[in-house]
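Asks: Could you work out the structure for the sequence below:
(one chain, ligands or ions: 1)
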Amino acid sequence: MTRLPIADAKTVRTGLLRQIRRRPGPTLAALAVTAAAALAGLAPARIIGILVDRVLAGTTYDELVRLLIWTAVALAAGALLTGLAAALTVRAGQLLLAAVREDALDAALHLPTDTIEEAGRGDLLSRISDDVGIVAETVTNLLAVWVSSAVVILLTVAGLATLDPWLALAGCATIPVYVFALRRYLPRAVPLYAEQRVAFADRAETILSTLSGLATIGTYRAEPRFVASIDASSERARDISRRALWFVTGWVKWLNIAELVGLSAIIATGFLLVDAGTTTAGAVTTAALYFHRLFGPLGVVVMSVDDVQSAIASLARILGLGTVPGRARQTPAPPPAGPATVEISGLHHTYDANPVLHGIDLRIAAGERVALVGASGAGKTTLAGIVAGTLTPTAGTVDVRDPAGQRPRVILVAQEPHVFAGPLSTDLRLARPEATDQEITDALALVGADGWVRQLPDGVDTRIGPGHTQLDDEQRAQVALARAHLAAPSLVILDEATAESGSHHADVLERAAERVCAGRTALVIAHRLGQAARADRVVVMEHGRVVEEGTHDDLLARGGPYAHLWAAWKP
Ligand SMILES: Nc1ncnc2c1ncn2[C@@H]1O[C@H](COP(=O)(O)OP(=O)(O)OP(=O)(O)O)[C@@H](O)[C@H]1O
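Replies: Reported below is the predicted structural model:
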């Protein structure tokens with residue numbers, strides 16, 4: 001199975017930057033307030049350092065009180081700004097995510113049908129639901145903390161360096177311990193947590209399956225066996241949770257050792273510097289407090305690396321959707337025009353290295369109705385999908401033009417047409433939002449659906465779908481044909497719209513299909529050869545090639561593949 005692509009690191013970076021550049025205000029505001037909050041957070045440490053120096057030099061009571069008031073003001077300002085920065089960062093993050101989500105949804109809606117089929121719908125769905133959910137949760141819970149931690153770390157290190165480069169250097173003694181702890185922790189954390197999740201899922205599954213089979217278990221007096229299996233899975237979950245707890249404790253121990261090493265190095269260096277008279281005790285106090293401020297942010301960053309990595313992986317999956325070349329966008333719908341001409345040349349198509357179309361050349365004149373016939377698997381649906389633009393051919397071209405030489409509206413009525421849940425009239429207006437009630441009624445009458453629609457509880461406004469009125473296959477096909485008629489296409493492609501039904505229904509639908517095709521160019525995949533007999537021209541396909549074409553009578557007279565199909569067909 002071909003997977004949908006995952007964006008590489010560069011695409012993720014440029015994708016995010018592009019979104020930020022589109023609307024830079026919220027991000028810049030969040031960064032500015034975060035920086036102000038970080039600076040306000042540095043102020044108390046600086047004031048306390050000054051206070052230490054003043055006390056050592058012999059200060060007055062008034063000055064002491066003044067400095068303490070300044071410390072309180074700085075703390076309050078820091079707290080306010082930190083709260084504001086968090087709110088602004090989450091807002092900027094959510095706006096960014098909303099833009100990314102909109103783009104991803106847009107890309108998903110324009111993915112070529114064959115790409116979705118090859119990759120599986122599950123992959124696409126999990127990207128626009130699960131992955132978006134993971135990123136949204138990270139943005140809400142961690143983005144503000146990470147941004148403020150990064151800014152605090154940056155400004156605090158800069159603050160340390162401006163106090164005294166030697167003190168900053170001494171603080172670096174913590175780095176090797178952090179690196180050692182990270183290298184020890186990260187590689188073991190992911191598998192451990194994955195194992196824990198599996199154990200939890202296992203326990204839930206065992207309990208659920210026992211509960212759902214309670215009656216049967218009682219009948220066979222098998223309770224002890226099931227209780228034992230719940231016991232076993234619970235023990236596994238407990239053991240692994242205990243291991244995970246020990247693991248976290250061990251990890252936190254290393255963080256504490258790193259802090260101890262850095263702080264000790266700063267105090268020891270400070271002692272030497274004060275002794276040598278190159279700095280003051282107040283500056284060393286400030287440096288120690290600055291350094292202490294780093295512990296919180298560093299701890300948060302390190303503890304949530306896993307979550308952020310998983311969010312980045314999800315983001316890469318979401319942005320990967322935008323890297324698939326999309327289908328041609330048909331919006332806005334071209335205005336109704338006369339019947340189209342179709343020029344197909346050198347068309348090849350391959351599914352997963354399995355070639356199914358081998359160089360199809362076909363021309364359909366304006367207003368002509370061509371029936372496509374052939375055994376199952378001959379490639380008819382594939383050809384129809386390519387002409388409709390829902391499939392991208394491996395090679396070759398399809399040129400569809402209206403009388404004015406423009407790409408016109410092409411409507412494909414698929415084998416299993418989809419009718420959207422909701423009022424029937426809303427489904428029909430999908431084809432033409434401005435359609436009047438009369439036009440809708442006329443379209444339903446044209447396809448022979450007016451009778452049963454009138455009998456629905458609310459007529460054409462009756463809600464269709466689960467929990468409401470359910471349509472049968474014939475009714476769905478009629479709705480699809482009425483919708484196609486309302487769209488006023490220049491080319492209509494019918495893919496076995498009548499194949500599912502019994503013979504009376506087939507007659508109803510065939511008549512409906514013929515009326516929808518009238519005055520339009522039409523390509524009809526005809527399993528019921530009666531449809532082919534009434535077409536202007538019949539094109540016979542075998543194993544991905546056109547083997548015969550002509551009128552029904554000509555082909556019968558020729559006695560080739562079509563004549564054999566006709567002879568074998570029982571109307
Ligand atoms: N999405 C797909 N992925 C892989 N192979 C496919 C896909 N769709 C069709 N095929 C294969 O391509 C070949 C042509 O299929 P296609 O549906 O175009 O033929 P058809 O003439 O319309 O047949 P039918 O009348 O049964 O619908 C078949 O062998 C089919 O198995």
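
Asks: Now do the same contact list for residue 26.
Replies: 88, 91, 92, 95 (CB atoms under 8 Å, 6 or more residues apart in numbering). Using the backbone N, CA and C atoms, a C-beta is placed for each residue, glycine as well.

Asks: Unless I misread the structure, the third one falls within a helix.
Replies: Yes. Secondary structure of residue 92, determined by DSSP: H, G, I helix; E, B strand; the rest coil: located in a helix.

Asks: Look at the closest residue to residue 153 other than its chain neighbours and tell me its secondary structure.
Replies: Of all residues not flanking residue 153 in the chain, residue 297 sits nearest, at 5.5 Å (CB to CB, 6 or more residues apart in numbering). Assigned with three-state DSSP, residue 297 falls in the helix class.

Asks: ok, residue 297 to the ligand distance?
Replies: From residue 297 across to the ligand, the span is 51 Å (CB to the nearest ligand atom, to the nearest Å).

Asks: who in this structure is up against the ligand?
Replies: Counting by CB under 6 Å from any ligand atom, the residues of the chain close to the ligand are 117, 351-352, 354, 356, 374, 376-382.

Asks: could you flag which of those are buried?
Replies: For the residues of the chain next to the ligand, a burial check counting by 16 or more other CB atoms under 10 Å picks out 356, 374, 378, 379, 380, 381, 382.

Asks: so what's the second one scoring on pLDDT?
Replies: According to the predicted model, the pLDDT of residue 374 comes to 90.

Asks: next one: residue 191
Replies: 77.

Asks: tell me which element the residue in the stretch 151-300 of the chain that the ligand sits nearest to is part of?
Replies: Nearest to the ligand in the stretch 151-300 of the chain, going by CB to the nearest ligand atom, is residue 201, at a distance of 32.6 Å. Element membership for residue 201 (DSSP states H and E) is helix 174-212.

Asks: State the next helix or strand along the chain beyond that helix.
Replies: helix 214-219.

Asks: Find the residue ranges of the stretch 51-200 of the chain scoring beneath the pLDDT cut-off.
Replies: 114, 117-120 (pLDDT under 70).

Asks: Relative to residue 468, how far out is residue 451?
Replies: According to CB to CB, to the nearest Å, residue 451 and residue 468 sit 20 Å apart.

Asks: quick one: which of these two has more around it?
Replies: Neighbours were counted for residue 451 and for residue 468 using other CB atoms under 10 Å; residue 468 has more, 15 against 9.

Asks: which ones are touching the more buried one?
Replies: 421, 462.

Asks: Let me see the backbone angles for it.
Replies: When read as degrees, to the nearest 10, the backbone of residue 468 gives phi -130, psi -150.

Asks: Report the secondary structure state of the residue nearest the centre of the chain.
Replies: Nearest to the geometric centre of the chain sits residue 128, at 2.4 Å (CA atoms, centre = their mean). Three-state call for residue 128 (three-state DSSP): helix.

Asks: these two touch, right, it and residue 105?
Replies: Yes. At 6.1 Å, residue 128 and residue 105 qualify as touching, with contact defined as CB atoms under 8 Å.

Asks: Skip ahead from the helix or strand hosting residue 11 and say which helix or strand is next.
Replies: Here residue 11 is covered by helix 9-22, with elements defined by DSSP H and E. The element immediately downstream of helix 9-22 (helix or strand, assigned by DSSP H and E) is helix 25-57.

Asks: What are the buried residues along that next one?
Replies: So helix 25-57, judged by 16+ other CB under 10 Å, has buried residues 26-27, 29-31, 33-52.

Asks: In contact with residue 191, which residues?
Replies: Applying CB under 8 Å, 6+ apart, no residues contact residue 191.

Asks: do you know how far it is from residue 335?
Replies: Residue 191 is 60 Å from residue 335, by CB to CB.

Asks: Kindly report the same for residue 309.
Replies: For residue 309 relative to residue 335 (CB to CB), the value is 51 Å.

Asks: What of residue 477?
Replies: Between residue 477 and residue 335 the computed distance is 27 Å (CB to CB).

Asks: quick one: which of the two has more around it?
Replies: Applying other CB under 10 Å to residue 477 and residue 335 shows that residue 477 carries more neighbours, namely 30 against 11.

Asks: buried set for the helix or strand hosting the more buried one?
Replies: Counting by DSSP H and E, the element that carries residue 477 is helix 473-486. Of all the residues in helix 473-486, those buried under the rule 16+ other CB under 10 Å are 474-486.

Asks: and if you look at stretch 408-416?
Replies: 408, 409, 410, 411, 412, 413, 414.

Asks: So which of these sit within helices?
Replies: Among those, no residue falls in helices (DSSP state H).

Asks: and of those residues, the nearest to the ligand?
Replies: Minimum distance to the ligand across those is 10.8 Å, recorded for residue 414 (CB to the nearest ligand atom).

Asks: who's in contact with that closest one?
Replies: 480, 495.

Asks: Give me the phi and psi angles of it.
Replies: According to degrees, to the nearest 10, residue 414 has phi -80, psi 170.

Asks: can you check residue 365 too?
Replies: Here is the backbone geometry of residue 365 (degrees, to the nearest 10): phi -80, psi 160.

Asks: dump the residue contacts of it.
Replies: 341, 521.

Asks: could you redo the last one with a cut-off of 10 Å?
Replies: Residue 365 makes contact with 339, 340, 341, 342, 521, 536, 537 under the criterion CB atoms under 10 Å, 6 or more residues apart in numbering.

Asks: Against the ligand, how distant is the third one?
Replies: The spacing between residue 341 and the ligand, counted by CB to the nearest ligand atom, is 23 Å.

Asks: That residue touches residue 521, doesn't it?
Replies: Yes. Counting by CB atoms under 10 Å, residue 521 is a contact partner of residue 341 at 7.1 Å.

Asks: and these two? which has more neighbours close in?
Replies: residue 521 (26 against 21).

Asks: Tell me the spacing between that one and residue 494.
Replies: Residue 521 is 12 Å from residue 494, by CB to CB.

Asks: circling back: ok, of the buried residues of helix 473-486, which one's closest to the ligand?
Replies: residue 477 (15.8 Å).

Asks: Am I right that that closest one is in contact with residue 495?
Replies: No. The pair residue 477 / residue 495 is not scored as a contact, 11.0 Å apart, by CB under 10 Å.

Asks: list the residues that contact both of these two?
Replies: In contact with both residue 477 and residue 495: 413, 415, 416, 417, using CB under 10 Å, 6+ apart.

Asks: how about JSON lines for those, with pLDDT added?
Replies: Below are those laid out as JSON lines (pLDDT from 0 to 100):
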{"residue": "413", "pLDDT": "88"}
{"residue": "415", "pLDDT": "77"}
{"residue": "416", "pLDDT": "78"}
{"residue": "417", "pLDDT": "80"}
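
Asks: Narrow the residues you listed to those in strands?
Replies: Of the positions in the shared contacts of residue 477 and residue 495, residue 413 sit in strands, assigned by DSSP state E.

Asks: Which member of the shared contacts of residue 477 and residue 495 is positioned nearest the ligand?
Replies: Nearest to the ligand among these, with distances taken as CB to the nearest ligand atom, is residue 415, at 6.9 Å.

Asks: The closest one against residue 376, yeah?
Replies: No. Taking contacts as CB under 10 Å, residue 415 lies outside contact range of residue 376: 11.8 Å.

Asks: Low-confidence bits of the chain, can you list those?
Replies: 1-3, 114, 117-120, 326-334, 496-504, 570-571.

Asks: In terms of secondary structure, what does the longest helix belonging to it contact?
Replies: Secondary structure assigned by DSSP H gives helix 223-276 as the longest helix of the chain. Judged by 3 or more CB pairs under 10 Å, 6 or more residues apart in numbering; DSSP states H and E, helix 223-276 is in contact with helix 165-171, helix 174-212, helix 214-219, helix 281-303.

Asks: how does it look with 6 Å?
Replies: helix 165-171, helix 174-212, helix 281-303 (3 or more CB pairs under 6 Å, 6 or more residues apart in numbering; DSSP states H and E).
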